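>>> Provide a 3D model corresponding to the input given below.
(chains A and B)
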Amino acid sequence: MIKIATWNVNSIKARLPNVLSWLEDFQPDVALLQELKTVDETFPRLEIEDAGYTVETHGQKSYNGVAILAKSRIEDVRRGLPGDDEDDQARYIEATVFGSLRVASIYLPNGNPQPGPKFDYKLAWMDRLYAHVKGCLETEETYVFGGDYNVIPKDDDVYSAAKFKDDALTQPESRARFQAIKHLGLTDALRTYNHNPHQYSYWDYQGGAWQKDNGLLIDHLLLSPEAADRLQGAGIDKTPRGEEKASDHTPVWCELEES
DNA sequence: ATGCCAGGTAACACCTGA
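Sure, this is the predicted structure:
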């Protein structure tokens, strides 16, 4: 079985102890990380390698930054989306792990405030992601697109839809693009096994959101048909969110049977 | 309408996040 998890760590340097203990406890075969907030040169590569992982990063100073960790070689790495030429934001990395499995770590733009240039950037970025995913699926390879999509797909995926009515994460334009990407033929791993409302992957640091379970579901694992055929389980690992110095996100995971 | 936390940068305040 290959266990794949996505986790927005909100600074890999601030979160290193949490990440190392999670790797030790949860033992993912592949970890897709977002919001590294540091450049490749200062990513704590040796510590992660000592935990048994191969590492590929696409970092950036202060903001964004994505990585792929695997208990296998990591090959054929793509950094950035096609069409990112004028864009210096590090939000996408994709590579082959375990010989033939393609995985992507995605940090989709937040887009607030909306309307405005940040929201326009989010929508344009989603259009580029759509075009890229479409091309990937045409290869008929096994693909897992995981990450912080910064989209709340349904009103049931947030503790208060009313409070998020004007937020970029719930706008019809954001949801329509997320749906369009899924409708290319992707399967939402979590929703294959868990149809309950109010299943969250993010809780704000403010206002006791974690204690009140005032959360959002914005981290998703989307599987190509070839990956979905091998899907054996999926879930949310809430343990890391309750620990000291936690990220505001918690890992979402899925398991694929070996090919 | 704004701050509430948290992290990074840089400088002892401001930006970004969701």
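
>>> in stretch A:21-38, what's buried?
For stretch A:21-38, burial by neighbour count (16 or more other C-beta atoms under 10 Å) applies to A:22-23, A:26, A:28-38. Just so you know, the C-beta spots here come from the backbone N, C-alpha and C atoms, and that holds for glycine as well.

>>> in a strand, A:T170, correct?
No. Checked against DSSP: H, G, I helix; E, B strand; the rest coil, A:T170 lies outside a strand; its state is coil.

>>> list the contacts of it.
Taking C-beta atoms under 8 Å, 6 or more residues apart in numbering as the criterion, A:T170 is in contact with A:I152, A:D155, A:V158, A:A161, A:F164.

>>> quick one on the thing from earlier: now, which of the buried residues of stretch A:21-38 lie within strands?
Restricting the buried residues of stretch A:21-38 to those inside strands, with DSSP state E as the criterion, leaves A:V30, A:A31, A:L32, A:L33, A:Q34.

>>> near DNA strand B, which of those residues show up?
Of the entries in those, not a single one is placed beside DNA strand B under the rule of C-beta under 7 Å from any atom of the strand.

>>> between those residues, which is closest to A:D237?
When these are ranked by distance to A:D237 (C-beta to C-beta), A:A31 comes first, at 11.3 Å.

>>> ok, the contacts of A:T170 vs DNA strand B, which is closest?
Taking C-beta to the nearest atom of the strand as the measure, A:I152 is the one of these closest to DNA strand B, at 7.8 Å.

>>> hmm, the closest one is touching A:K165, no?
No. With the criterion set as C-beta atoms under 8 Å, A:I152 and A:K165 do not qualify as a contacting pair; they are 11.0 Å apart.

>>> tell me which of the two has more neighbours.
Each of A:I152 and A:K165 had its neighbours counted (other C-beta atoms under 10 Å), and the higher figure belongs to A:I152 (24 against 11).

>>> now do the SS call for that one.
Going by three-state DSSP: A:I152 is coil.

>>> for it, give its distance to A:V66.
The spacing between A:I152 and A:V66, counted by C-beta to C-beta, to the nearest Å, is 21 Å.

>>> likewise A:E258?
Distance of A:E258 to A:V66, computed by C-beta to C-beta: 26 Å.

>>> between the two, who's got more neighbours?
It is A:V66, of A:E258 and A:V66, that has more neighbours when counted by other C-beta under 10 Å, with 28 against 8.

>>> quick one, grab the pLDDT at the residue in the stretch 51-200 of chain A positioned nearest to DNA strand B.
For the stretch 51-200 of chain A, the nearest residue to DNA strand B under the criterion C-beta to the nearest atom of the strand is A:N110, separated by 3.5 Å. pLDDT, the model's per-residue confidence, is 96 for A:N110.

>>> the nearest residue to it once chain neighbours are set aside: how many residues sit nearby?
With sequence-adjacent residues excluded and distances taken as C-beta to C-beta, 6 or more residues apart in numbering, A:N110 is closest to A:N150, at 5.0 Å. Other residues near A:N150 number 26, with proximity taken as other C-beta under 10 Å.
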